[in-house]
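Student: kindly return the folded structure for what I paste below:
(4 chains)
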Protein chains: 2
Amino acid sequence: MEAVEATGSTSVSSNPGERSARRGHSASMADVARLAGVSSQTVSRVSNGYPGVTEETRQQVLAAMKELGYRPNSAARALKRGEFRTIGLITFTLSTTGNVRTIDAIATSAAQEGYAVTLLPVAVPTQDEVRGAFSRLGELAVDAVIVIMEVHLLDAAALSLPPHVQVVVADSDAGDRYTVVDTDQAGGTRDAVKHLLDLGHRTVWHLAGPEDSYAAQRRADAWRDTLDEAGRVPPPLVRGDWSAESGYRAGLGIADQEDCTAVFAANDQMALGLLRALHERGRKVPDDVSVIGFDDIPESGSFQPPLTTVHQDFAEVGRRCVEGVLRQMQQSTPERGTTLVPTRLVLRQSTARPPSR
Amino acid sequence: MEAVEATGSTSVSSNPGERSARRGHSASMADVARLAGVSSQTVSRVSNGYPGVTEETRQQVLAAMKELGYRPNSAARALKRGEFRTIGLITFTLSTTGNVRTIDAIATSAAQEGYAVTLLPVAVPTQDEVRGAFSRLGELAVDAVIVIMEVHLLDAAALSLPPHVQVVVADSDAGDRYTVVDTDQAGGTRDAVKHLLDLGHRTVWHLAGPEDSYAAQRRADAWRDTLDEAGRVPPPLVRGDWSAESGYRAGLGIADQEDCTAVFAANDQMALGLLRALHERGRKVPDDVSVIGFDDIPESGSFQPPLTTVHQDFAEVGRRCVEGVLRQMQQSTPERGTTLVPTRLVLRQSTARPPSR
DNA sequence: GGATGTTATGTTTACGTAAACATTCAGTGG
DNA sequence: CCACTGAATGTTTACGTAAACATAACATCC
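Tutor: Presented below is the predicted three-dimensional model:
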């Protein structure tokens, strides 16, 4: 029965808010206006930094604000302005390497632009779940949406979006229907495979990600294309599920392939598992087998041996997502088209010339 | 010039919203009420599932809602009700292993309770930055705050929080001032160190996290205490910065210590670097040196060798954070005290009896 | 010196919702 | 059969803000 009373807080000594606020509700513009002896509109002007206020009046208002601990009520503001200055973020799980960093960048860029980011977790990656999330989102305080998700799950869902909410999709295709920002999967893959071919490997094996992943699909396609263009025969494709564990299991199989001298793993985690499998089977990396990854997770430099990999600029992806969403909001027209963020090959010690035999 | 027109969407065929909404603004209760031939209050009742509405009327209203694609305006709702049903989340970076998973769990639990989660990234971990974030937060649409952060950065900041906003702190101490949820750092450390001692190691080295980290500090303290209690002499403490790279550097030094047979690394990433350093220096794990980590990141089972480590239940931490915050909101009283989430020792292949010598 | 700006400020109103209060109407008991 | 109850519905109002529209005071120009 004393904790409820905590209104004045910092200014307890200097004659706090009186009955300014009824319960514990913070002071409103009207309260500030009363104390400063001006109209609430003037308070509004000061609050928003609008011109047409004497420096003197301004100071009085600011003083009153401070005295009462005034904070603009964002709900009222949003209601009046018709915008929330908030971006919704729809993902399955944050726990994928890329996602986190992208999200981090999104949150940071958004903050810089004065936008907040609201998380919209989707428990299970099914169309129904996604649709559910979207319709919940409809009544959510959100001006725009960034979706990090395979597009085929999105299709049905997007229909239930309120009309004025803009969308940007990361990590997917569908540039024909939405603004899409993605890492240049094909370019990165090409660099990786070419690097191995340039070293003298006859061909390159591929440890792919799960079939239902767009990124995995793209990387697999680009791998095959690059080999085709170079006139090499693609070995059978080996599948994992992104996890190090799956990389290990797949790696045990690959290790038995005598003729395999180079492997392109679709991500660093699987590369990690692969390294372990090769090590266990006595195939030396990079002397017997070269391994290259994708992502450049922070740990990859500490693998045994340090992993050559394709660096993804997740931060840039995040930034461009925000950029795209804000641009669409300004124009209040949806855009289409895909923005590709380039990758960079990071050379470490897991790739070398093939054994001379 | 065709993209702007996307209002009726799903119900294009069935005589859409007419001039119901002026521009592209979605329909309001008044619009629905008009169409259904009832008062807006009745619409409100249906919308909120309140009693006192005939099934017949209810159906009419629902039909009208569907027709117009009505979505409650959350800003107006928040303004009226005085709550946003949103929890703010303050962190530096999402990119720490633990943080992401905790945040994921927070978002999920919050969603289950009908709360949204708004991200509040703090660029640089300084008191000023944090204070800035808090005051921005003051005018943010947030009912409560979960802070994942060292408490010493929080101190000055919390003062600028609006009085009715409840706080829960994760991953820190300060149970005397806030509700705190944390992993049982001491318990996990104790288990790890005891496990090594039980195997027969004379003492255990510690590869600690950075000094400014509360978790690192706690783990280092518990390590020392456990050794003290067992009557063993703690070797000099070695510091890293959580990164695999720092673990590698520190590991090179540790590898030279002939008498070192067991190392407790404060996280799995550093353990990874340590493994690499030991490998390079020809010290076999676990034959020559046992290594144990902390966190149980998904990859740790694929290290060379698979890492014995202390599993943290980040999801549970997240869940309890939300629980705590909601409980405080209901009571509208802040609580104090710390909730510890237990850890679990995961035995893999990086620990063994010490070499017989 | 009066018409005309210009600047600082005040007043009214609307944003969409939901609580509080008002009304209507059908059924019930005395 | 009428006052009374209670359920269904309608009307009024307030939440806090800011745009739109006044007004007031004072400087400026011819």
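Student: quick one: pLDDT of the residue most central in space within chain A?
Tutor: Among the residues of chain A, residue A:102 comes closest to the average C-alpha position under Cα atoms, centre = their mean, at 2.6 Å. Predicted confidence (pLDDT) for residue A:102: 88.
Student: against residue B:114, how distant is it?
Tutor: 27 Å (Cβ to Cβ, to the nearest Å). Any C-beta I mention is one placed from the backbone N, CA and C, and that applies to glycine too.
Student: before we move on, what about residue A:247?
Tutor: With Cβ to Cβ as the criterion, residue A:247 and residue B:114 are 39 Å apart.
Student: which one's more surrounded, the two?
Tutor: residue A:247 (33 against 9; other Cβ atoms under 10 Å in any protein chain shown).
Student: hmm, residue A:272 and that one touching each other?
Tutor: Yes: using Cβ atoms under 8 Å, residue A:247 is in contact with residue A:272, at 6.3 Å.
Student: shared neighbours of the two, which are they?
Tutor: Counting by Cβ atoms under 8 Å, 6 or more residues apart in numbering or on different chains, the shared contacts of residue A:247 and residue A:272 are residue B:302.
Student: element containing the residue nearest to the centre of chain A?
Tutor: Using DSSP states H and E, residue A:102 falls within helix A:97-112.
Student: close to chain B, is that helix?
Tutor: Yes: residues of helix A:97-112 contacting chain B under Cβ under 8 Å from any Cβ of the partner chain: A:100-101, A:103-104, A:107-108, A:111.
Student: residue A:116 bridge partners, please.
Tutor: Under DSSP bridges, the beta-bridge partners of residue A:116 are residue A:86.
Student: tell me the helix or strand right after the lowest-mean-pLDDT helix or strand in chain A.
Tutor: When the helices and strands of chain A are scored by mean pLDDT, DSSP states H and E, helix A:155-158 comes last with a mean of 58. For helix A:155-158, the following helix or strand on the C-terminal side (DSSP H and E) is strand A:166-170.
Student: who's in contact with residue A:42?
Tutor: Residue A:42 touches A:33, A:36, A:53, A:57, A:61, counting by Cβ under 8 Å, 6+ apart.
Student: so which of the residues of helix A:97-112 next to chain B is the most crowded?
Tutor: Busiest of the residues of helix A:97-112 next to chain B [other Cβ under 10 Å] is residue A:103, holding 28 neighbours.
Student: wait, that residue touches residue A:91, no?
Tutor: Yes: counting by Cβ under 8 Å, residue A:91 is a contact partner of residue A:103 at 7.2 Å.
Student: which parts of chain A are helices?
Tutor: A:29-36, A:40-48, A:55-68, A:74-81, A:97-112, A:127-138, A:155-158, A:185-199, A:214-229, A:244-255, A:268-280, A:314-331 (DSSP state H).
Student: if I pick the residue of the stretch 151-300 of chain A found nearest chain B, what's in contact with it?
Tutor: When distances are taken as Cβ to the nearest Cβ, the stretch 151-300 of chain A reaches nearest to chain B at residue A:244, 3.5 Å away. Neighbouring residues of residue A:244 by Cβ under 8 Å, 6+ apart: A:269-270, A:272-273, A:276, B:298-299, B:301-302.
Student: 10 Å - rerun?
Tutor: Residue A:244 makes contact with A:251, A:267-276, B:297-303, B:306, according to Cβ atoms under 10 Å, 6 or more residues apart in numbering or on different chains.
Student: how close does it sit to residue B:306?
Tutor: 10 Å.
Student: joint contacts of the two?
Tutor: Contacts common to residue A:244 and residue B:306, judged by Cβ under 10 Å, 6+ apart, are A:276, B:299-300.
Student: now the residues you listed as a markdown table including distance to residue A:236 and pLDDT?
Tutor: A markdown table is the format used below for the shared contacts of residue A:244 and residue B:306 (distance: Cβ to Cβ, whole Å; pLDDT from 0 to 100):
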| residue | distance to residue A:236 | pLDDT |
| --- | --- | --- |
| A:276 | 21 | 96 |
| B:299 | 26 | 93 |
| B:300 | 30 | 96 |
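Student: tell me the most buried of the helices of chain A?
Tutor: helix A:268-280 (a mean of 26; mean count of other Cβ atoms under 10 Å in any protein chain shown).
Student: got the angle for it vs helix A:244-255?
Tutor: With axes from the mean of the first three to the mean of the last three Cα atoms, to 10 degrees as the basis, helix A:268-280 and helix A:244-255 are set at 50 degrees to each other.
Student: next, format the contacts of residue A:42 as CSV and append pLDDT.
Tutor: Putting the contacts of residue A:42 into CSV (pLDDT from 0 to 100) gives the following:
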residue, pLDDT
A:33, 93
A:36, 92
A:53, 88
A:57, 91
A:61, 93
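Student: DNA strand C next: which of those are close?
Tutor: Of the residues in the contacts of residue A:42, proximity to DNA strand C by Cβ under 7 Å from any atom of the strand holds for A:53, A:57.
Student: and the furthest pair within the contacts of residue A:42?
Tutor: The distance between the two most remote of the contacts of residue A:42 (Cβ to Cβ) is 12.6 Å, for A:33 and A:53.
Student: shared neighbours, these two?
Tutor: A:42-43, A:61.
Student: let me know the closest of those to chain B.
Tutor: residue A:43 (14.0 Å).
Student: can you tell me how far the closest residue to residue A:109 other than its chain neighbours sits from residue A:111?
Tutor: Nearest-residue entry for residue A:109: residue A:322, 4.0 Å, with adjacent residues in sequence omitted and distances by Cβ to Cβ, 6 or more residues apart in numbering or on different chains. Distance, residue A:322 to residue A:111, using Cβ to Cβ: 9 Å.
Student: find residues that contact each of the two.
Tutor: What both residue A:322 and residue A:111 touch, as defined by Cβ under 10 Å, 6+ apart, is the set residue A:117.
Student: show me the shaky parts of the stretch 151-300 of chain A.
Tutor: Applying pLDDT under 70 to the stretch 151-300 of chain A flags the ranges A:151-163, A:175.
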